[in-house]
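>>> sequence and predicted structure below; questions after.
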Amino acid sequence: MPSKIHHIAVEVADAAQSTQFYCELLGFTKTAEYHFEDRGRRIVFLNLDGVCLELLEDEGVEAFVEAPPKQAGYKHLCLLSDDVDAECAKLKAAGATVTTEPFDTALNSRICFVQDPDGLTVELWQELG
């Protein structure tokens, strides 16, 4: 039986652009990068507090288009934040698309939603107490 998550893989259109977004704006650290020229594939591993995000870039891949809300599939990546408002402002200033401005939830949290360079949704979650 599995004991913990090894990594979460995300197909991206531009690994360099996505690496910059996740590292510079969201605090991930790049731990490894591989380029398989014969297969037209680049793989970048990022780490945030022990969780590994694998970025996969294949030549010719188009940016993800979000599935309809009632369809099974990837919904979003949620990251804990100490200050959702400050993080949201930082992302917005860097040109990221904020799809839902920060708001307080019934779950005793403050959240917002932004998009990564491929339009994948990232939620920022702040515990309120």
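Noted; the coordinates are in hand. Numbers count the residues shown, from 1 in each chain.

>>> what about the strands in this structure?
In the chain, the segments counted as strands under DSSP state E are 8-12, 29-36, 41-48, 51-58, 77-80, 97-104, 109-115, 121-127.

>>> and the angle for the lowest-mean-pLDDT helix or strand in the chain with strand 41-48?
Ranking every helix and strand in the chain by mean pLDDT, DSSP states H and E puts strand 8-12 at the bottom, with a mean of 89. Calculated by axes from the mean of the first three to the mean of the last three CA atoms, to 10 degrees, strand 8-12 forms an angle of 130 degrees with strand 41-48.

>>> just how off-centre is strand 8-12 within its chain?
From the chain centre to the centre of strand 8-12 is a distance of 9 Å (CA atoms, centre = their mean, to the nearest Å).

>>> same check on stretch 1-14?
With CA atoms, centre = their mean, you get 12 Å for stretch 1-14.

>>> can you pull the buried residues of that stretch?
Neighbour counts over stretch 1-14 (16 or more other CB atoms under 10 Å) mark 10-14 as buried. Heads up, the C-betas are built off the backbone N, CA and C, glycines and all.

>>> then stretch 74-94?
Quick answer for stretch 74-94 (16+ other CB under 10 Å): 77, 79, 81, 84, 87-88, 91.

>>> repeat for stretch 113-122
By neighbour count with 16+ other CB under 10 Å, stretch 113-122 contains the buried residues 113-118, 120-122.

>>> and the end-to-end length of that stretch?
In stretch 113-122, first residue to last residue: 6 Å (CA to CA, to the nearest Å).

>>> try stretch 71-88
Distance across stretch 71-88, first residue to last, is 28 Å (CA to CA).

>>> ok, and what's touching that stretch?
8, 10, 26, 48, 53, 67, 98, 101-102, 110-114, 120-127 (CB atoms under 8 Å, 6 or more residues apart in numbering).
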